[in-house]
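In: Fold the following and give me the result.
(chains A and B)
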Amino acid sequence: MVLFSEMFVSELRGVPVVDRLQDPIGEVRDFVLTVGDVFPKVTGLLVRVLGKKEDLIILMGEIDLIGKQFVVTKSVRDRICFTRPHNGELMLWRDLMDKQIVDTEGARVIRVNDLKLGKIDQDVRLIAADVGFRGLLRRLGVLGLVDLFLRIFSRQVPDTLIGWDHVEQLKTGKAKGMITVPTKHISEMHPADIANIISQVHSEEKTAIFASLADKTAAEALHELEPKIQALLLLTLDTKKALGVLEKMPVDEVADVLGDIPDEKADEFLRLLKPRKAAQAQKLMRHPEETAGGLMTTEFIAIPRNLTAQQTIDKMRQLAPDAETVYYVYVANEDGKLAGVLSLRSLIISPPETLVSQIMVKDPVTVTPDARQRQVAEVISKYNLLAVPVVDEQENMLGIVTVDDVVDFILPPVSRRIRHMLG
Amino acid sequence: MLFLVILGPGVISALAGNDAGGTATYSIVGARFGYHMLWMLILVGVSLVVIQEMCARMGVVTGKGLSDLIREEFGLRWTFFAMLILLIANVAVTISEFAGIAASLEIFGLTRFISVPLMVVVIWFLMTRGSYKGVERIFFAMCFVYFAYIFSGFMARPDWAAVFQQTVVPSFSFDYSFIMVAIAMIGTTVTPWMQFYLQSSVVEKGVKIKQYKYQRWDVIIGSIVAVAIAFFIILACATVLHPQGIIVHDAKEAALALAPFAGNFAAFLFALGLFASSTLGASILPLSSSYAICEAFGWENGISKKFSEAPIFYGLYTLLILVGGGMVLLPRLNLINVMLFSQTTNGILFPFILIFMLLLVNNKRLMGGYTNSRFNNFVAGATALVLILLTCLLLAATFSGQAG
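Out: Just a heads-up that it's a prediction; the model follows:
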């Protein structure tokens, strides 16, 4: 099989198909693909056959040459074996052209203007998506004209190709025999990038992408999304998956998202979550969202004042997996009131047998649960903290607000900023 | 809950239809032709309900905007064509919005050569840099001034028997100005941009099929309110202005229709409403056009992006505002005529968009069990047909020497 150089699908659609004696057979309508490889292989051509009502597939093995002027088959017309499409196959033009894809390298969602085929070994494969102006002009049939014009200024319309190895295909609508490509690439991206992509695709694809993520990645991505989308995902996901994701999230974020969905559904999740987490989340949900109480997490490390530095470090090994931050250790009196705070740094550089009460900073800066978000941000910024403890009137420690919670306030994640102001 | 229904995307987009072009057109309809076109408005009301409902349903079922759907179903060439149509129509409407801004502020004595450039800058910064949402609400609330027409319509003591008769008995005249105004009236009530705007609003809201019945009511109520206001604008103008032979040459004349209700404050009230609705339109339209076009072609878009990240999006947006504002500053332009012509352009172009919509909404693969009913297809098809027919008649009337 011969393919003349690399070609674009738009240049090949409508090209006449002839047999080896130059007798016309029909014209190219589409290309059949197999998935699985990084660069999917073209296995056949969908041809509008002269004198037949339906389009039929000619397998690649029957094709001798593919060119911009002609497609030539190996044998004569009567010997060619046509197959009928069964709607389950992936078609280049029907299923990929003009659809949205994810560029995993640039972490963005874009539209396919054209598709590039190339020859790898003996196979014709899909090698790239054209997402730029060049593809646009080619599809409109004016690329030659524009190129001619620009040549006067010795310029050229730039090519914007994305190699198919960096492309993640999205589920394509409700089409029959739809193929869902595993979202391997996406799951390897940074959760913030994933969130950015989820915020750009249509609602069904949002759920599809999200459901394909590992619980931990999903938990991190969920935090980056705007509340409306968080709620949508939790409500459309199956309960088991949603629970898995919630279990991986810090309790303050769990409280946040549960506060945004209808009460019955939130109650159902609270019943099913691990009792300890559910109880903490419920407590947090009582605080208004924009206050320290609403922002704080109850997952922090607190120790009694009679421990030594070494004992504290041992204890942290036990507790750290659950805690949101390990940079501060809070020291409590016998009656549970906050006595002081230890930084991880002072803990590590002190001799192992030192008592924590000797190295802790006494009377640390605190905020009350009803402090406004802005006030908390100001405190954290003024004292250069990574987290600030939240205490009630009796000085009992309720939780901590970490710096990332207030950074979000000052500079919301990109995907949370309003994408559409319409609606 | 009621509040949510009232302020849903259906209501917002239907009310936004009563913008500068809408106000001017309805005023002219009443002032020049009395009650003669009321029957047509009722029919337009029916097609507004049907078409908006179609659009919202498509948004809910497919989860995609109209320009997305056109691109994915019809390919690039048709998309290019549809976007060109949308762009021309939206440029025309944007010009009419700035004409509305200019006309309303001229009532307060501010010349358009100051007000328009000023508002161009204000709107550009408001939409790209400022917090638009809050401002939108204020302007939106100000649009409720239009409810004054309902009171004015009653207080002008129309001849209700004549009103009723003209509402149910059709009358038509093969006359250039009658046909042009008729197209404008249809074109200002059901507009191309509204379909794109409504559908993407519905998609953004993430309405599920199960909740669709609420969304449906939002659209229906919105359409009815919009048509009711239009009805009373025509009624007030027909009762107050038509007998005096006022044909609405400028905004001041149009304002007189509010006199039975507001007396000496009529001009003030009218200017307030016109200013608010025009500013709202001039803010939403260029932005919604840029979104629709950039999404169709897959260009980076969104006001959260920097200029360098989404150059086409911002370029298009800026260009639309500059053209919209700039055209109004052409010397010796009659603002009311600009508003009227832009709506006629809308009416002439709308059938193209409507045909795309009809093909999409009847596509079983996309819509499953939610394709159009026969009644829907009939109404929407008839709307397209009537507009095409009227356009042909307009051309015929123009060439048969009745123009001018």
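In: Can you pull the phi and psi angles for the one residue in the stretch 101-250 of chain A that gets nearest to chain B?
Out: In the stretch 101-250 of chain A, the residue that lies nearest chain B is A:R111 (2.6 Å; CB to the nearest CB). The way it works is simple: take the backbone N, C-alpha and C, and place the C-beta from them, glycine included. Dihedral pair for A:R111: phi -110, psi 140, per degrees, to the nearest 10.
In: wait, it sits on B:R71?
Out: Yes. A:R111 is within contact range of B:R71, at 7.0 Å (criterion: CB atoms under 8 Å).
In: Name the residues contacting each of these two.
Out: Overlap between the contact sets of A:R111 and B:R71, as judged by CB atoms under 8 Å, 6 or more residues apart in numbering or on different chains, is given by A:98, B:297.
In: quick one, strands of the stretch 1-150 of chain A?
Out: Counting by DSSP state E, counting those that start in this stretch, the stretch 1-150 of chain A has strands at residues A:2-3, A:7-8, A:16-18, A:24-34, A:41-49, A:55-59, A:63-66, A:71-73, A:82-83, A:90-91, A:100-103, A:108-111, A:114-120, A:123-130.
In: Now tabulate those in a markdown table and tack on distance to B:I114, mean pLDDT and mean neighbour count.
Out: Converted to a markdown table, the strands of the stretch 1-150 of chain A look like this (distance: least, CB to CB, whole Å; pLDDT from 0 to 100; neighbours: other CB atoms under 10 Å in any protein chain shown):
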| stretch | distance to B:I114 | mean pLDDT | mean neighbour count |
| --- | --- | --- | --- |
| strand A:2-3 | 65 | 62 | 14 |
| strand A:7-8 | 53 | 90 | 20 |
| strand A:16-18 | 64 | 92 | 19 |
| strand A:24-34 | 59 | 91 | 20 |
| strand A:41-49 | 62 | 91 | 21 |
| strand A:55-59 | 63 | 91 | 20 |
| strand A:63-66 | 64 | 87 | 18 |
| strand A:71-73 | 65 | 90 | 21 |
| strand A:82-83 | 72 | 88 | 15 |
| strand A:90-91 | 59 | 86 | 20 |
| strand A:100-103 | 45 | 83 | 22 |
| strand A:108-111 | 42 | 83 | 20 |
| strand A:114-120 | 49 | 89 | 20 |
| strand A:123-130 | 48 | 90 | 22 |
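In: The residue lying closest to the residue of the stretch 101-250 of chain A closest to chain B once chain neighbours are set aside: neighbouring residues, count only.
Out: Spatial nearest neighbour of A:R111, chain neighbours left out: B:G298 (2.6 Å); criterion: CB to CB, 6 or more residues apart in numbering or on different chains. Counted with other CB atoms under 10 Å in any protein chain shown, the neighbours of B:G298 add up to 22.
In: ok, the residue of the stretch 101-250 of chain A closest to chain B - contacts?
Out: Listed by CB under 8 Å, 6+ apart, the contact partners of A:R111 are A:98-101, A:131, B:71, B:297-298.
In: Which one of the residues in chain B is closest to chain A?
Out: In chain B, the residue that lies nearest chain A is B:G298 (2.6 Å; CB to the nearest CB).
In: That residue reaches A:R108, doesn't it?
Out: No. If you go by CB under 8 Å, B:G298 and A:R108 don't touch, sitting 10.1 Å apart.
In: what helix or strand does the closest residue to A:K274 other than its chain neighbours sit in?
Out: Leaving aside its sequence neighbours, A:K274 sits nearest to A:E247 (CB to CB, 6+ apart; 6.7 Å). Element membership of A:E247 [criterion: DSSP states H and E] is helix A:239-248.
In: ok, now which ones touch the nearest residue to A:I261 once chain neighbours are set aside?
Out: Closest residue in space to A:I261, ignoring its immediate chain neighbours: A:A231 at 4.8 Å, by CB to CB, 6+ apart. By CB under 8 Å, 6+ apart, the residues touching A:A231 are A:257, A:260-261.
In: Most neighbours among the residues you listed, which one?
Out: A:V257 (23 neighbours).
In: Tell me how far the closest residue to it other than its chain neighbours lies from A:D256.
Out: Spatially, and ignoring its direct neighbours in sequence, A:V257 is nearest to A:Q230 (4.8 Å; CB to CB, 6+ apart). Separation of A:Q230 from A:D256 (CB to CB, to the nearest Å) stands at 8 Å.
In: Then A:G336?
Out: Distance, A:G336 to A:D256, using CB to CB: 26 Å.
In: Comparing the two, which shows the higher neighbour count?
Out: Legend: neighbour count by other CB under 10 Å for A:G336 and A:D256, higher for A:D256 (22 against 13).
In: Now do the same for that one: its pLDDT.
Out: Note on A:D256: pLDDT of 83.
In: how far away is it from B:K205?
Out: A:D256 sits 21 Å away from B:K205, going by CB to CB.
In: same thing with A:L213?
Out: Here A:L213 is placed at a distance of 25 Å from B:K205 (CB to CB).
In: Enumerate the beta-bridge partners assigned to the nearest residue to A:E89 once chain neighbours are set aside.
Out: Closest residue to A:E89 in three dimensions, ignoring its sequence neighbours and counting by CB to CB, 6+ apart: A:V32, at 5.0 Å. Counting by DSSP bridges, A:V32 forms beta bridges with A:G44, A:M91.
In: Run a quick neighbour tally on B:H249.
Out: Counted with other CB under 10 Å, the neighbours of B:H249 add up to 14.
In: Give the helix, strand or coil label for it.
Out: Using DSSP: H, G, I helix; E, B strand; the rest coil, the structure places B:H249 in coil.
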